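Participant: Give me the fold of what follows.
(chains A and B)
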2 protein chains.
Amino acid sequence: MTIRYPNGKLYKPSSETPNVLKAKKKVKNLSFSNRGKTLEDEINETNLFYLNHQIAVIHKKPVPIQIVKVEYPKRSAAVIREAYFRTASTTDYNGVWNGYYIDFEAKETESKTSFPLKNVHHHQIKHMEDVINQQGIAFLIVRFSKLDRYFLLPFKILLEAWNGIEKGGPKSIPLKMFETSSYEIKPGFNPRIDYLSAMEKLITNKEK
Amino acid sequence: MTIRYPNGKLYKPSSETPNVLKAKKKVKNLSFSNRGKTLEDEINETNLFYLNHQIAVIHKKPVPIQIVKVEYPKRSAAVIREAYFRTASTTDYNGVWNGYYIDFEAKETESKTSFPLKNVHHHQIKHMEDVINQQGIAFLIVRFSKLDRYFLLPFKILLEAWNGIEKGGPKSIPLKMFETSSYEIKPGFNPRIDYLSAMEKLITNKEK
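Facilitator: Predicted coordinates for the structure are as follows:
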């Protein structure tokens, strides 16, 4: 069954599966091709790999829901009968690696030439700014789906482009900019999207 | 309308209100007494205070839900018609303060003499252990509701008590232990539960 958000994006409940079940399921999945997987699937797999190998503790946040009506059937679990999707006030992923607070959002684009900034929301920018002000690490993971290329875009670059729009700048970040100012992540087997390696480079460059 | 979790705990949707609305609402609330508020309300208010004053960025995670059926009425928002509560794989609160990754769970007890460990779940212990291994800061905030006393209990003390159960130790942590081995938080006006001040003491003692 397919469930969609009001914006048409696919709903993916898999990320909230208890870890034990998830581990089993994911191991099974590994025998299949990664084609057709969403970026969210790939990042959830990667996070599970990091967790199981004690590399980092990073989780996707549950989808925020406004619950209106719940039924309590006898001898079975409570059923939510009316609820609505809410706008999150943060990004989707956060956690801890080696004493660093990590916070990011994952975005996909079908474009082969640039990443449209309409994919990013004001509250996400605001949240990532707050995170940076508290010395956290914030970034976007961007997948150019048609090119099968992945980039870790530092928040600083995103913010410059975002602020540039008000001054009449472009409404998207060109692929070229990703090639020069972000960290490319080569997709692999396990971990699928090893974004922590890219992030370590980001931290090293920052601390220089 | 009252919504309850399967365990009978009250469901509180307020934490996912967009920040702007929340700020307005909370300011209004301040003219009322804090009596009758849940610990979750108090912590959400405190987190909002921290956020608005750029002291820290700490959010409650949304309640994890397994969505089964969604309707898409014309010209109005998608409605979730069948969904179930899931068990979270992490604690309820996390965020960043001054470069530190912060992770905690909030618990209330009606007992006047001890905190029953049945209030804590295995997956929460596991998660906080993972966090500590990544040099994050993990703790419980415990409210003895009948006494109107609040404590920040370091994860280390919680874990000792938890592991002690297997060896035939007590199934609860006595109030006395809180008085000697945790950090008491004096409830105030704004911030209501200034747990970061208690946490700073915890960090100072750790780094000694």
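Participant: these two touch, right, A:Asp92 and A:Ala106?
Facilitator: Yes: checked against C-beta atoms under 8 Å, the pair A:Asp92 and A:Ala106 is within contact range at 6.5 Å. C-beta: built from backbone N, CA, C; applies to glycine.
Participant: Okay, now the unreliable bits of chain A?
Facilitator: Low-confidence segments of chain A, defined by pLDDT under 70, span residues A:1-35.
Participant: Just give me the residue right at the centre of it.
Facilitator: A:Ala106 (2.9 Å; C-alpha atoms, centre = their mean).
Participant: ranges for the strands of chain A?
Facilitator: Secondary structure of chain A (DSSP state E): strands at A:57-60, A:65-71, A:79-85, A:93-97, A:100-109, A:114-116, A:137-144, A:149-154, A:172-174, A:183-185.
Participant: possible to save those as a markdown table with distance to chain B?
Facilitator: Supplementary listing: those in a markdown table, determined by distance: least, C-beta to the nearest C-beta, whole Å:
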| stretch | distance to chain B |
| --- | --- |
| strand A:57-60 | 5 |
| strand A:65-71 | 5 |
| strand A:79-85 | 4 |
| strand A:93-97 | 4 |
| strand A:100-109 | 4 |
| strand A:114-116 | 24 |
| strand A:137-144 | 9 |
| strand A:149-154 | 17 |
| strand A:172-174 | 25 |
| strand A:183-185 | 21 |
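Participant: Can I get those in TSV including distance to B:Tyr100?
Facilitator: Converted to TSV, the strands of chain A look like this (distance: least, C-beta to C-beta, whole Å):
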stretch	distance to B:Tyr100
strand A:57-60	14
strand A:65-71	30
strand A:79-85	32
strand A:93-97	9
strand A:100-109	7
strand A:114-116	32
strand A:137-144	13
strand A:149-154	21
strand A:172-174	31
strand A:183-185	25
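Participant: Would you mind measuring from the residue of chain A most remote from its centre to chain B?
Facilitator: Using C-alpha atoms, centre = their mean, the residue of chain A lying farthest from its centre is A:Lys74. It sits 38.5 Å away. Note on A:Lys74: its distance to chain B, by C-beta to the nearest C-beta, to the nearest Å, is 13 Å.
Participant: returning to what we had before: what are the bridge partners for the residue nearest to the centre of chain A, then?
Facilitator: A:Ile141 (DSSP bridges).
Participant: And A:His59, by the same measure?
Facilitator: A:Asn94.
Participant: wait, isn't it in contact with A:Thr46?
Facilitator: No: counting by C-beta under 8 Å, A:His59 does not reach A:Thr46; the two are 11.8 Å apart.
Participant: about what we covered before: which stretch among the strands of chain A comes nearest B:His122?
Facilitator: strand A:57-60 (16.1 Å; C-beta to C-beta).
Participant: With just CA atoms, put the closest one into PDB.
Facilitator: The C-alpha trace of strand A:57-60 is given here as PDB (Å, rounded to 0.1, in the frame of the first residue of the first chain):
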ATOM      1  CA  VAL A  57      24.000   6.900  17.100                       C
ATOM      2  CA  ILE A  58      21.900   8.700  14.500                       C
ATOM      3  CA  HIS A  59      18.100   8.200  14.100                       C
ATOM      4  CA  LYS A  60      15.400   9.500  11.900                       C
END
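Participant: Check which helices and strands that strand sits against.
Facilitator: For strand A:57-60, the elements it packs on are helix A:39-52, strand A:93-97, helix B:122-133, judged by 3 or more C-beta pairs under 8 Å, 6 or more residues apart in numbering or on different chains; DSSP states H and E.
Participant: quick check, distance from it to the centre of its chain.
Facilitator: 10 Å (C-alpha atoms, centre = their mean, to the nearest Å).
Participant: Name the residues that touch that strand?
Facilitator: A:15-16, A:40, A:43-44, A:47, A:50-51, A:92-97, A:102, B:89-90, B:127, B:130-131, B:134, B:136 (C-beta atoms under 8 Å, 6 or more residues apart in numbering or on different chains).
Participant: quick revisit: so what's the residue nearest to the centre of chain A up against?
Facilitator: Contacts of A:Ala106 by C-beta under 8 Å, 6+ apart are A:Leu39, A:Glu40, A:Ile43, A:Asp92, A:Tyr93, A:Leu140, A:Ile141, A:Val142, A:Arg143.
Participant: Generate TSV for those, with neighbour count as supplementary columns.
Facilitator: As requested, those are exported to TSV (neighbours: other C-beta atoms under 10 Å in any protein chain shown):
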residue	neighbour count
A:Leu39	17
A:Glu40	18
A:Ile43	25
A:Asp92	19
A:Tyr93	21
A:Leu140	23
A:Ile141	25
A:Val142	25
A:Arg143	22
